[in-house]
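Fold the stuff below for me.
(one chain, ligands or ions: 1)
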Amino acid sequence: MKIAVVGTGYVGLVTGTCFAETGNQVTCIDIDQRKVEKLNNGIIPIYEPGLDVLFNRNTAEGRLKFTTQLAEGIEGAEVIFLALPTPPGEDGSADLKYILKVAGDLGQIMKDYAVIVDKSTVPVGTAEKVREYISLAAQVEFDVVSNPEFLREGVAIEDFMKPDRVVIGTQSERAKVIMTKLYAPLVRQGNPIIFMDERSAEMTKYAANSFLAVKISFMNEIANLCEKVGANVDDIRRGIGTDSRIGKRFLFAGIGYGGSCFPKDVQALAKTSQEYAYDFKILKSVMEVNARQKTKLLPVINEHFNGDLKGKTIAVWGLAFKPYTDDIREAPALENIQALLAAGAKVTAYDPEAMENVRQVLGNKITYAHTSYAALDDADALVIMTEWPMFRTPEFGKMELLLKNKVIFDGRNLYELDQMKELGYTYYSIGREAIT
Ligand code: NAD
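Residues are numbered from 1 along each chain as shown. The predicted model follows:
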């Protein structure tokens, strides 16, 4: 099948590459000329494990191409995916300007029937709007389908190639047949393609992300209470996660969720509720809880240094919003680093993948270490912001030689309390007793 993917970011590039891998002829379109140049020169602009192997194979086979030209890219495409940004607008609702601009352009240039697929996360009613914008100039028949994406950065290839489910919102039989054919190779193990109407598909994506945000925030609230009552949140997690009604995942307490999806999607769903005059109380609380949680360690750090961070050097391990990605959108690390700098501290940071992206935002305001251990050199304390596996079992003996003080503020609960006690560290974590 010939397909086009408009928008070649985290979602678009993975979508295009994976559909090329299943034998389709794919053209990815992006307005970012530098990005397209890089891709045409074999350079992948993002870090996503396993993407390079598929990318190289399919570009070499001529099944995966890149262009900045929409008309050229969609030529002959039976399916056109929109994997465009939907950032929060000023009022918190999803900004649809990228989607609707491309929809309008498509109406003018489409020469044959095609299925236009909203892969971006878009509010209820967007498929209808996209249809309207295309219809303004379209001379050919077309269908608009909502097909939200559930991939997780860091394991995007696996998620895309073996999805738990595929959600397709359409009422067109013609589009259904085409989408089923396209996805068939990805659901061979029997995971379902779930068909529904467009509005329900759009809501499904927001419901999924908001539910996960609720689950994380609930556990963070339990953690905060654990600190007060003298309980250990990790034991609570094990105690409830083994209940099959609850499940083990998304129960890890920490310094809050970040990333390009949860914060914006929770906010957008709250905005939708407001538009429909529904008081969605849990969503409001989740936003509040997460905002508070993200900076939860700051007063602890401040207190440890008796309210004086001036001239102190703080080592930070982890900048990405989660491990296995270079994505720093809404990453808790950024907010914390900025607060530490504002309090007069010096920051030396290390992240295996995200330092280049942070450099674009913070420039020389912080020091970028070449290795995790180099970041510790002469630091007054270590703050852990991202749970990269390499931070889980470090050489504590080596750390001790580098750090000025054996002090760790752990936003991701990487270490056992007994171990820290034995090693003689001052250790603050989330939802557990502080070791001082
Ligand atoms: P992104 O910012 O990484 O990529 C978007 C791309 O679209 C950019 O490369 C940009 O240059 C390009 N673009 C903008 N306007 C364009 C135009 N007119 N023509 C062609 N290209 C254009 O975004 P992303 O993270 O891939 O997210 C895309 C959508 O998918 C969002 O709605 C997001 O909420 C949703 N989503 C993201 C994830 C994720 O993990 N990142 C997961 C599921 C869903």
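
Let's verify the closest residue to residue 412 other than its chain neighbours: helix, strand, or coil?
Leaving aside its sequence neighbours, residue 412 sits nearest to residue 387 (CB to CB, 6 or more residues apart in numbering; 4.1 Å). Where you see a C-beta, it was placed from the backbone N, CA and C, and this is true even at glycine. Here residue 387 is recorded as coil under DSSP: H, G, I helix; E, B strand; the rest coil.

which residues does the residue nearest to residue 257 when sequence neighbours are not counted contact?
Excluding its sequence neighbours, the residue lying closest to residue 257 (CB to CB, 6+ apart) is residue 216, at 5.2 Å. Shown in contact with residue 216 (CB atoms under 8 Å, 6 or more residues apart in numbering): 250, 252, 254, 256, 257, 262, 290.

and of those, the nearest to the ligand?
Nearest to the ligand out of these is residue 262 (CB to the nearest ligand atom; 9.7 Å).

show me the contacts for that closest one.
Contacts of residue 262 (CB under 8 Å, 6+ apart): 209, 212, 213, 216, 330.

which element is the spatially most central residue of the chain on?
Centroid-nearest residue in the chain: residue 259, 4.2 Å away (criterion: CA atoms, centre = their mean). Assigned by DSSP states H and E, residue 259 falls within no helix or strand.

was I right about it contacting residue 323?
No - the criterion here is CB atoms under 8 Å, and residue 259 misses it with residue 323 at 11.8 Å.

hmm, back to that, of the contacts of residue 216, which is the most crowded?
Highest neighbour count within the contacts of residue 216, by other CB atoms under 10 Å: residue 254, with 27 neighbours.

Who are the contact partners of it?
216, 220, 293, 387, 411, 412, 413, 430.

give me the number of residues near residue 205?
Using other CB under 10 Å, residue 205 is surrounded by 25 other residues.

Now the residue nearest to residue 412: phi and psi?
Main-chain dihedrals, residue 387, degrees, to the nearest 10: phi -90, psi 50.

what do you get for the one 5 residues further on?
Per-residue torsions, residue 392: phi -70, psi -40 (degrees, to the nearest 10).

Ok, residue 27 next?
phi -120, psi 130.

And the strands in the protein?
Shown for the chain, the strands assigned by DSSP state E span residues 2-6, 25-29, 64-67, 79-82, 114-118, 142-146, 166-169, 193-196, 313-317, 346-350, 367-368, 381-384, 407-410, 426-428.

Take the ones you listed and write them to TSV, including mean neighbour count and distance to residue 101.
Listed next are the strands of the chain as TSV, based on neighbours: other CB atoms under 10 Å; distance: least, CB to CB, whole Å:
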stretch	mean neighbour count	distance to residue 101
strand 2-6	26	10
strand 25-29	24	13
strand 64-67	22	17
strand 79-82	26	10
strand 114-118	27	14
strand 142-146	24	15
strand 166-169	22	22
strand 193-196	16	27
strand 313-317	26	38
strand 346-350	22	37
strand 367-368	16	36
strand 381-384	26	41
strand 407-410	23	44
strand 426-428	21	48
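
will you turn the ones you listed into JSON lines that also has distance to residue 133 and mean pLDDT?
JSON lines is the format used below for the strands of the chain (distance: least, CB to CB, whole Å; pLDDT from 0 to 100):
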{"stretch": "strand 2-6", "distance to residue 133": "13", "mean pLDDT": "98"}
{"stretch": "strand 25-29", "distance to residue 133": "17", "mean pLDDT": "98"}
{"stretch": "strand 64-67", "distance to residue 133": "22", "mean pLDDT": "98"}
{"stretch": "strand 79-82", "distance to residue 133": "11", "mean pLDDT": "98"}
{"stretch": "strand 114-118", "distance to residue 133": "10", "mean pLDDT": "98"}
{"stretch": "strand 142-146", "distance to residue 133": "10", "mean pLDDT": "98"}
{"stretch": "strand 166-169", "distance to residue 133": "18", "mean pLDDT": "98"}
{"stretch": "strand 193-196", "distance to residue 133": "23", "mean pLDDT": "98"}
{"stretch": "strand 313-317", "distance to residue 133": "44", "mean pLDDT": "98"}
{"stretch": "strand 346-350", "distance to residue 133": "43", "mean pLDDT": "98"}
{"stretch": "strand 367-368", "distance to residue 133": "44", "mean pLDDT": "98"}
{"stretch": "strand 381-384", "distance to residue 133": "46", "mean pLDDT": "98"}
{"stretch": "strand 407-410", "distance to residue 133": "49", "mean pLDDT": "98"}
{"stretch": "strand 426-428", "distance to residue 133": "52", "mean pLDDT": "98"}
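
Put together CSV for those, with distance to the ligand on each row.
Below are those laid out as CSV (distance: least, CB to the nearest ligand atom, whole Å):
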stretch, distance to the ligand
strand 2-6, 5
strand 25-29, 5
strand 64-67, 10
strand 79-82, 9
strand 114-118, 9
strand 142-146, 12
strand 166-169, 12
strand 193-196, 17
strand 313-317, 23
strand 346-350, 23
strand 367-368, 23
strand 381-384, 23
strand 407-410, 25
strand 426-428, 30
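
how about those in CSV, adding distance to residue 360?
Converted to CSV, those look like this (distance: least, CB to CB, whole Å):
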stretch, distance to residue 360
strand 2-6, 24
strand 25-29, 23
strand 64-67, 22
strand 79-82, 26
strand 114-118, 29
strand 142-146, 33
strand 166-169, 34
strand 193-196, 39
strand 313-317, 17
strand 346-350, 14
strand 367-368, 12
strand 381-384, 21
strand 407-410, 26
strand 426-428, 30
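
ok, the residue nearest to residue 257 to the ligand distance?
For residue 216, the distance to the ligand (CB to the nearest ligand atom, to the nearest Å) stands at 16 Å.

where does the stretch 151-300 of the chain dip in pLDDT?
Along the stretch 151-300 of the chain, no part satisfies pLDDT under 70.

Please give me every residue in contact with whichever residue of it sits closest to the ligand.
Nearest residue of the stretch 151-300 of the chain to the ligand, counting by CB to the nearest ligand atom: residue 153, 4.5 Å away. Contacts here follow CB under 8 Å, 6+ apart; on that basis residue 153 touches 10, 48, 259, 322, 324, 325, 327.
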